[in-house]
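Asks: Quick one: sequence plus predicted model below, questions after.
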There are 2 protein chains.
Amino acid sequence: MLSRTARYGLKAAVHIAEQGDPSPARVEDLAQALDVPRNYLSKILHRMAQAGLLNSTRGRGGGFWLPRDPGTVTLIEVIQCLEPTHAFDVQCLLGRPDCSDADPCTAHGRWCAVRDEISRFFTETTLAELARPESGG
Amino acid sequence: MLSRTARYGLKAAVHIAEQGDPSPARVEDLAQALDVPRNYLSKILHRMAQAGLLNSTRGRGGGFWLPRDPGTVTLIEVIQCLEPTHAFDVQCLLGRPDCSDADPCTAHGRWCAVRDEISRFFTETTLAELARPESGG
DNA sequence: TGCTTTGCTCATGATCTTATGATCTTTGCT
DNA sequence: AGCAAAGATCATAAGATCATGAGCAAAGCA
């Protein structure tokens, strides 16, 4: 459903959100906690930082943090900055360019309904909702 | 959403179903009609034949045909034989092994609902429903 | 100023999917 | 038997994604 890259990016963002720690999270620590290759994660985080989803500083005491409330960051934002194309903007299942609302195959309407539901999930769900519920909360 | 391989396989099956021709369809003709590499398609069709979704004969007059009524062949059958893993059996979006019905993240229930709807679409939709409506029907 | 910590970047390789071309095997026809 | 038509198979490679390792660049601290 999601590329590994997008999943790593989401996991990292969720992890940072779960910590609730205002001080920056180091790539090294995130990589270990999530069991993700360090430099690979570094590139992913950097892309997210360029998209404004994360902030970063270099040098001693540096790292990444969330500049926004996790409850306002939708999954689609993360995915869009990490995946060139998403599964859920597929028009026709068979890739038929001429399959449209105006000239559909029989399954077109039904497929669009499913696709829209997927799309809605990713645009409405936020990082906060992917975090574990507070234990003992 | 679907790998190119699965899409090609589906397109071919739908094309054969649309023809309604009882004589075998040649790989060469299918490849041209669908604009798909010939040998690549050949391998895909062969896999589908091994799974029992298609029948084939070699030699003069040979080719592929549907042994079953297109209305009884579900998309999941085609996809399962062409894709090792499907998008819609992903348990947790983040790939967390410990995220389950018993110990979910906050979005778990909502995601499962979406996933199940995708799954339902592929298990309930048949080849016949992907065919174009008969023109002038 | 210079050392250490940290993110950033580049070069490279592994692996999977997608694809191509050549050849082998089976079948039907004459 | 021999030829042609058709699927089956094999070797190979392009391209994307996934990943590693080495080193560069910036920031803080003494």
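Replies: Yep, that arrived.

Asks: A strand includes residue A:43, no?
Replies: No. Per DSSP: H, G, I helix; E, B strand; the rest coil, residue A:43 lies outside any strand segment and is helix.

Asks: How about stretch A:72-92 and DNA strand C, any contact?
Replies: No. Shown here: stretch A:72-92 not in contact with DNA strand C (Cβ under 7 Å from any atom of the strand), separated by at least 12.5 Å. Using the backbone N, CA and C atoms, a C-beta is placed for each residue, glycine as well.

Asks: right, is that stretch up against chain B?
Replies: Yes. Remark: stretch A:72-92 sits within contact range of chain B at A:75, A:87-88, A:90, by Cβ under 8 Å from any Cβ of the partner chain.

Asks: Same question for stretch A:30-44.
Replies: No. Taking Cβ under 8 Å from any Cβ as the criterion, stretch A:30-44 and chain B are apart, separated by no less than 9.3 Å.

Asks: What's the mean pLDDT across that stretch?
Replies: Averaging the model's pLDDT scores along stretch A:30-44 yields 94.

Asks: Compute the first-to-last residue distance for it.
Replies: Length of stretch A:30-44, first residue to last, Cα to Cα, to the nearest Å: 12 Å.

Asks: Likewise for stretch A:87-107?
Replies: Looking at stretch A:87-107, the gap from its leading to its trailing residue is 18 Å under the measure Cα to Cα.

Asks: With stretch A:25-42 instead?
Replies: In stretch A:25-42, first residue to last residue: 12 Å (Cα to Cα).

Asks: in it, what's buried?
Replies: Residues of stretch A:25-42 classed as buried: A:25, A:27, A:30-31, A:34, A:36, A:41-42 (neighbour count, 16 or more other Cβ atoms under 10 Å in any protein chain shown).

Asks: Distance to residue B:131 and secondary structure added to those residues, as CSV?
Replies: As requested, these are arranged in CSV below (distance: Cβ to Cβ, whole Å; DSSP: H, G, I helix; E, B strand; the rest coil):
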residue, distance to residue B:131, secondary structure
A:25, 52, strand
A:27, 51, helix
A:30, 49, helix
A:31, 49, helix
A:34, 45, helix
A:36, 44, coil
A:41, 46, helix
A:42, 49, helix
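
Asks: which one of those sits closest to residue B:19?
Replies: Distances from residue B:19 to these, taken as Cβ to Cβ, are shortest for residue A:36 (48.9 Å).
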